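Q: I'll drop the sequence and a predicted model, then ask my questions.
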Amino acid sequence: MMYNPTEIEKKWQKIWDDENTFAASNNSDKPKFYALVEFPYPSGQGLHVGHPRSYTALDVVARCRRLQGYNVLYPMGWDAFGLPTENYAIKNHIHPEIVTKNNVARFKSQLKSLGLSFDWSREVNTTDPSYYKWTQWIFIKLFERGLAYKKKMAVNWCSSCKCVLANEEVVSGACERCGGEVVRKEKSQWMLKITEYAQRLIDDLSTVDYPERVRAQQLHWIGRSTGAQVRFDTTAGDPIEVFTTRPDTLFGATYMVMAPEHSLIEKWSHQLKNVEEVRAYQAEATKKSDFERTEVAKDKTGVMLDGVRAINPVNGREIPIFISDYVLASYGTGAIMAVPGHDTRDWEFAKKFGLDIIEVVKGGNIEVEAFTDCETGIMVNSGFLDGLSVEEAKEKITNWLKEKGIGESKVNYKLRDWVFSRQRYWGEPIPIVDCPKCGFVAIPEDQLPLRLPRVENYEPTENGESPLASIHDWVNVSCPKCGADAKRETDTMPQWAGSSWYFLRYTDPNNDKELASKQAISYWLPVDWYNGGMEHTTLHLLYSRFWHKFLYDINVVSTPEPYAKRTSHGMILGENGEKMSKSRGNVVNPDEIVKEYGADTLRLYEMFIGDFEKAAPWSSASIRGCRRFLERVWSLSENIIPGDGLRPQTEAAFHKTIKKVSEDIENLKYNTAIAALMALLNTVTDLGGITRQEYRVMLILLNPFTPHITEELWELSGYDGRISESQWPEYDASKCIEQMIEIAIQINGKVRSRITVPADIQQNEAISAAKADPKIAHAINEKKIVRELYIPGKIINIVVK
RNA sequence: GCGGGUGUGGCGGAAUGGCAGACGCGCUGGCCUUAGGAGCCAGUUCCUAACAGAGUAUGGGUUCAAGUCCCUUCGCCCGCACCA
């Protein structure tokens, strides 16, 4: 019989559906295992070959765990709010709801064709009112606890999406999604206080199993730095507060710099002799985009405030104050003390403006460049700090500042609060009413969900308001608290809202009383293994950790962290090694691969393609090798030879393969697991066939990777029940050892010959056997043997002179 | 600049300090075939007719033994980037 993947794949997909084979139970005596992949955004382009890499990898884990006796939850859903859908809807005059429905249907049928063992009865969709009811509920809880607030501030504005962006969504000055130019805009926005969780987001990274690159990226993004906040008095009376990580260099502070937006400048305007010049510089700075302002190689610019000077608290020296855009209003206090001797930026600025540069740590040459790498240096020109190490000086000066009441130690984070409003239609409405008397009022919980109104026109407006703002009967409401005329918030939530808690909903997807029952959450959480893309490290992954911690604080979830283990797959590139994209013309469509080779071949190939964590180029030639392998597994069913159990000559090979495949699946080494299975097939083929029991083991080991063909061969071979309900084989370590082993013999570390000896041979016997080998005997000849080593089972090395 | 990776055949890639190149692709030769983008067998790091050599980006070191550990230099990828 021929291997016909199209036929058997359809057959088994239907059976799994009909029999609910992969449904997880919230009540089970088995140990639980929660495997999670990032749910996709159902785009109009359909599934990309990159999606199955992640989905198959965790499908392998999920299927393997089921065979190992776990109660496995492996769910799937749709992260369906978002701009592309809205833009498509605008362009084609179809409601986003319809677009979403169509895209979801297409994605779902594509995913089903891959034979992924999702529990489809738990499917969720973030755009479903019964889902976003709870997204809104969480927002209200955040609001009630002061973690959601509205603030007028400079925001990142994507001029193409006509929408604000979070800091995390700006990539080198451009919009993360569309690449459009990002400019600064003053707007009143809903914000979430993620900064309040900064320290816990750092601390708890040590309690979870994340790849180093993910951990490092999050730490860096949160950007904790310790130092001191110091107050400098000024001749104008108002002090300037600065943050510094180097309080030890205070004696070297020869000028100060404030961000152009700093509020003191306005206050001092009447005392400044060069107000015009200052105003001009401020205007220039606001006009610049973020990208221009943060260009690194850029020359330092600035204006000195003429008329106000600061006083260095350690020596009473009067120093000038500048404004410059190299100081950011949004970090620290928006002002710095400049120590040009020991900070590169300050040094450049000082050189340009002819300011004093004082060496306060010995060791560098401050005439040539700032001496920044000076943590081990000794203090000089620093009064009572002279002679101390940098570390001692830090401590002494901080204590001194505290005693004098002019400063104290301080921790700062680069992380900013999360800009949470979007001026768009296709998102969750923010459930807040703005009442002239009561201020912002959350709508009562029993009125959730606050549904998106049906509208004719959902195009963004030029003035930066949400399309919802023009729907008068929706906007104008009475205040839920006092009944007065009030207005609804018309912005919607960002794309990241729904995905910040979706993994909780899977545990109890139809609950209309709670986002999920406490019981279901405590049973399933934390997620045991979460795989997803690196691109979400400082977005979704960080956001969802924040929300989870908040839900932990209000006693909705029972674990401080949502994911016990995170892994990250590499991208699948086009055949030319470049990122797949329509414009490059190197896109591979998974549907066509399934049609030509079958889903099992696609799955196997994507797992075999290379190191799971690294990017790998697609190869339409290599995939044929995977199909060939499956053909050989198929025809092996017609080559069953008599015999019971494992044969003596295959026993070690099988036990070793069971061990290798089991371990490799745990360690993301899918490629070598498959290589081991290929090698096992070669072994039995060389022996002329396979016994029934051997074939059974081989099929189970292969089942997580290629579920359809193994299910079919299982049935054809007449084994009991379904392979998906069978048991994962166990290996016996003592049986992994071959009876006879080949050992290499080295002379002075170079391999000169090999001998085959019993595995349990003793050192002296092994060495005598080695010396008896003619090549070795010849090589030793009359030389003096200095040393003889036998590393059991591995190598013999004879050192001669 | 900072952080995280990474460098091995023609290609994707294997190798708890112990036989470098597993497994697959491709390629070469053969068998089978009317035919082959099918199948089977053999071979395939480089140099060599063969023996012998050389070989894991670079230069050094540790070791009986180094792709693997330590130091140097170089290249590439990803993230962050005037964060005081």
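A: Yep, that arrived.
Q: can you report how many residues neighbour the residue in chain A positioned nearest to RNA strand B?
A: Going by Cβ to the nearest atom of the strand, RNA strand B is nearest to A:Gly625 of chain A, at 2.6 Å. Every C-beta, even on glycine, is put in place using the N, C-alpha and C of the backbone. By other Cβ atoms under 10 Å, 14 other residues sit near A:Gly625.
Q: please read off the pLDDT at it from the model.
A: Looking at A:Gly625, its pLDDT is 95.
Q: same thing with A:Lys402?
A: For A:Lys402, the model assigns a pLDDT of 96.
Q: so does the strand or helix carrying it get close to RNA strand B?
A: According to DSSP states H and E, A:Lys402 maps onto helix A:390-404. No: Helix A:390-404 does not reach RNA strand B (Cβ under 7 Å from any atom of the strand); its nearest approach is 11.5 Å.
Q: tell me the buried residues in that helix?
A: Buried residues in helix A:390-404, defined by neighbour count with 16 or more other Cβ atoms under 10 Å: A:Val390, A:Ala393, A:Lys394, A:Lys396, A:Ile397, A:Thr398, A:Trp400, A:Leu401.
Q: state the mean pLDDT of whatever helix or strand A:Ile8 lives in.
A: Secondary-structure assignment from DSSP H and E places A:Ile8 in helix A:5-19. Model confidence over helix A:5-19, given as mean pLDDT, is 96.
Q: what about the helix or strand just after that helix, distance to the chain center?
A: Next helix or strand after helix A:5-19 toward the C-terminus (DSSP H and E): strand A:32-37. Relative to its chain's centre, strand A:32-37 lies at 17 Å (Cα atoms, centre = their mean, to the nearest Å).
Q: and the stretch 501-650 of chain A, which residues reach RNA strand B?
A: Counting by Cβ under 7 Å from any atom of the strand, the residues of the stretch 501-650 of chain A close to RNA strand B are A:534, A:537-538, A:608-611, A:614-617, A:619, A:621-622, A:624-626, A:628-629, A:631-632.
Q: out of the residues you listed, which are buried?
A: Buried members of these, counted by 16+ other Cβ under 10 Å: A:Met534, A:Thr537, A:Thr538, A:Phe608, A:Ile609, A:Gly610, A:Ala616, A:Pro617, A:Cys626, A:Phe629.
Q: for these, which one is nearest A:Ala652?
A: A:Ala652 lies nearest to A:Phe629 out of these, by Cβ to Cβ, at 22.0 Å.
Q: please tell me the pLDDT value assigned to the closest residue to the closest one other than its chain neighbours.
A: Counting by Cβ to Cβ, 6 or more residues apart in numbering, A:Phe629 lies nearest to A:Met678, which is 5.7 Å off, once chain neighbours are set aside. pLDDT for A:Met678: 96.
Q: sorry, back to before: what lies in contact with the helix holding A:Ile8?
A: Contact with helix A:5-19 is made by A:21-22, A:112-113, A:115, A:117, A:120, A:594-595, A:597-601, A:630, A:707-709, A:711-712, A:724, as judged by Cβ atoms under 8 Å, 6 or more residues apart in numbering.
Q: could you dump stretch A:491-502 to PDB, C-alpha only?
A: This file holds the C-alpha atoms of stretch A:491-502, laid out as PDB (Å, rounded to 0.1, in the frame of the first residue of the first chain):
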ATOM      1  CA  ASP A 491     -10.000  55.800  23.200                       C
ATOM      2  CA  THR A 492      -9.600  52.000  23.000                       C
ATOM      3  CA  MET A 493      -7.000  49.700  24.600                       C
ATOM      4  CA  PRO A 494      -3.800  48.700  22.800                       C
ATOM      5  CA  GLN A 495      -3.400  45.400  21.000                       C
ATOM      6  CA  TRP A 496      -1.500  44.100  24.100                       C
ATOM      7  CA  ALA A 497      -4.500  44.200  26.500                       C
ATOM      8  CA  GLY A 498      -6.300  41.100  25.500                       C
ATOM      9  CA  SER A 499      -3.100  39.000  25.300                       C
ATOM     10  CA  SER A 500      -2.000  40.100  28.800                       C
ATOM     11  CA  TRP A 501      -4.200  37.600  30.500                       C
ATOM     12  CA  TYR A 502      -5.500  35.100  27.800                       C
END
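Q: quick check, A:Ser117 in contact with A:Ala62.
A: Yes: under the criterion of Cβ atoms under 8 Å, A:Ser117 makes contact with A:Ala62 at 5.6 Å.
Q: so for the two, which sits in the more crowded spot?
A: Neighbours were counted for A:Ser117 and for A:Ala62 using other Cβ under 10 Å; A:Ala62 has more, 29 against 22.
Q: quick one: what helix or strand has the more buried one in it?
A: Going by DSSP H and E, A:Ala62 is part of helix A:50-67.
Q: helices and strands around that helix, which ones?
A: Identification of packing neighbours for helix A:50-67 by 3 or more Cβ pairs under 8 Å, 6 or more residues apart in numbering; DSSP states H and E yields strand A:32-37, strand A:71-73, strand A:529-532, helix A:599-608, helix A:648-666.
Q: comparing the ones you listed, which comes out most buried?
A: Of all the helices and strands packed on helix A:50-67, helix A:599-608 has the most neighbours on average by mean count of other Cβ atoms under 10 Å, namely a mean of 26.
Q: who are the contact partners of A:Phe384?
A: Counted by Cβ under 8 Å, 6+ apart, A:Phe384 has contacts A:Lys396, A:Trp400.
Q: show the backbone phi and psi for it.
A: phi -70, psi 0 (degrees, to the nearest 10).
Q: assign a three-state SS to the closest residue to A:Lys410 other than its chain neighbours, would you?
A: Here the nearest residue to A:Lys410 in space, its sequence neighbours aside, is A:Gln229; by Cβ to Cβ, 6+ apart that works out to 4.2 Å. In three-state terms, and counting by DSSP: H, G, I helix; E, B strand; the rest coil, A:Gln229 is strand.
Q: equivalent analysis for A:Ile90, please.
A: helix.
Q: hmm, who's touching stretch A:343-351?
A: So stretch A:343-351 is contacted by A:246, A:254-255, A:257, A:300, A:302, A:322, A:324, A:326, A:336, A:338-341, A:355-357, A:366, A:369-370, A:372 (Cβ under 8 Å, 6+ apart).
Q: do stretch A:160-175 as well
A: Here stretch A:160-175 makes contact (Cβ under 8 Å, 6+ apart) with A:83, A:155-158, A:176-182, A:185, A:187, A:189, A:221, A:289-292, A:294, A:416, A:418-424, A:460-462, A:464, A:494, A:496, A:538-539, A:542-543.
Q: average pLDDT for that stretch?
A: pLDDT averaged over stretch A:160-175 gives 80.
Q: is it positioned near RNA strand B?
A: Yes: contact between stretch A:160-175 and RNA strand B, assessed by Cβ under 7 Å from any atom of the strand, occurs at A:Asn167, A:Val171, A:Ser172.
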